[in-house]
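Enquirer: no FASTA, just this:
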């Protein structure tokens, strides 16, 4: 029987190491998608909020034979991108507070917020109603319109920020089920908390116990 060699049997530790190695790429991919989603969502919302405060359109209104320069920022043109950016930030935080179908719904809200911000910013790049309204107020003529109208690049920057938020939402929809949730230690599981241990009666042979009992307002002579 000397020619028969023993077949090595896989040990439990070896199998565990092999299993961990197989799941490592998936964990790494989840971390990358999580980091990308957070980065895209936060940067996109910041870009939208910053860009909507900048000048989107410029023009001139005719006043008394002269021309009055007028400008309109993103909030004058449309307040929708900034509002949706705030919703996107809230959804970006909430996606970690829920699981299952709730996480899917929040991820969808995040994606829709980005899409809405991008579309509204894009349409605002061609809007002149905000400057026309300013021209009417400045001249006192309700029919006055702005002339020499021009638009800046900020509406397009806002649209890019909305696209970044949209990409963050799509990542959350695709990989959000693998992302971690809030730690369970912050959730109430219904188990009663351990109560304070009952105090024992002071030992009459230990003077320090008697003094401590009197400091607490207890009668050291009373039996427990």
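Expert: Now that the structure is in, tell me what you want to look at. Everything quoted here is computed from the prediction, not taken from an experiment.

Enquirer: Going along the chain, name the helices of the protein.
Expert: Along the chain, counting by DSSP state H, helices occupy 12-51, 74-77, 80-94, 101-124, 129-139, 154-175, 207-215.

Enquirer: For residue 62, find the nearest of those.
Expert: helix 129-139 (7.3 Å; C-beta to C-beta). Any C-beta I mention is one placed from the backbone N, CA and C, and that applies to glycine too.

Enquirer: what is the rounded mean pLDDT of the closest one?
Expert: The pLDDT scores in helix 129-139 average 77.

Enquirer: same thing with stretch 177-195?
Expert: 57.

Enquirer: who's in contact with the nearest residue to residue 132 once chain neighbours are set aside?
Expert: Using C-beta to C-beta, 6 or more residues apart in numbering and skipping residues adjacent in sequence, the residue nearest residue 132 is residue 145, 4.9 Å away. Going by C-beta atoms under 8 Å, 6 or more residues apart in numbering, residue 145 touches 61, 128, 132, 135.

Enquirer: Let's have the helices of the chain in JSON lines, adding mean neighbour count and distance to residue 65.
Expert: Converted to JSON lines, the helices of the chain look like this (neighbours: other C-beta atoms under 10 Å; distance: least, C-beta to C-beta, whole Å):
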{"stretch": "helix 12-51", "mean neighbour count": "15", "distance to residue 65": "36"}
{"stretch": "helix 74-77", "mean neighbour count": "22", "distance to residue 65": "26"}
{"stretch": "helix 80-94", "mean neighbour count": "21", "distance to residue 65": "38"}
{"stretch": "helix 101-124", "mean neighbour count": "21", "distance to residue 65": "32"}
{"stretch": "helix 129-139", "mean neighbour count": "18", "distance to residue 65": "12"}
{"stretch": "helix 154-175", "mean neighbour count": "23", "distance to residue 65": "32"}
{"stretch": "helix 207-215", "mean neighbour count": "13", "distance to residue 65": "91"}
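
Enquirer: Identify whichever of the ones you listed lies nearest to residue 66.
Expert: Of the helices of the chain, nearest to residue 66 by C-beta to C-beta is helix 129-139, at 10.9 Å.

Enquirer: Let me see the residues that make contact with that closest one.
Expert: Contacts for helix 129-139 (C-beta under 8 Å, 6+ apart): 56-59, 61-63, 68, 70-72, 76-77, 142-146, 149.

Enquirer: Please, a ChimeraX command that selects the buried ones among these?
Expert: Buried members of the contacts of helix 129-139, identified by 16 or more other C-beta atoms under 10 Å, are gathered into one ChimeraX selection as follows:
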select :56,57,58,59,61,70,72,76,77,144,145,146,149
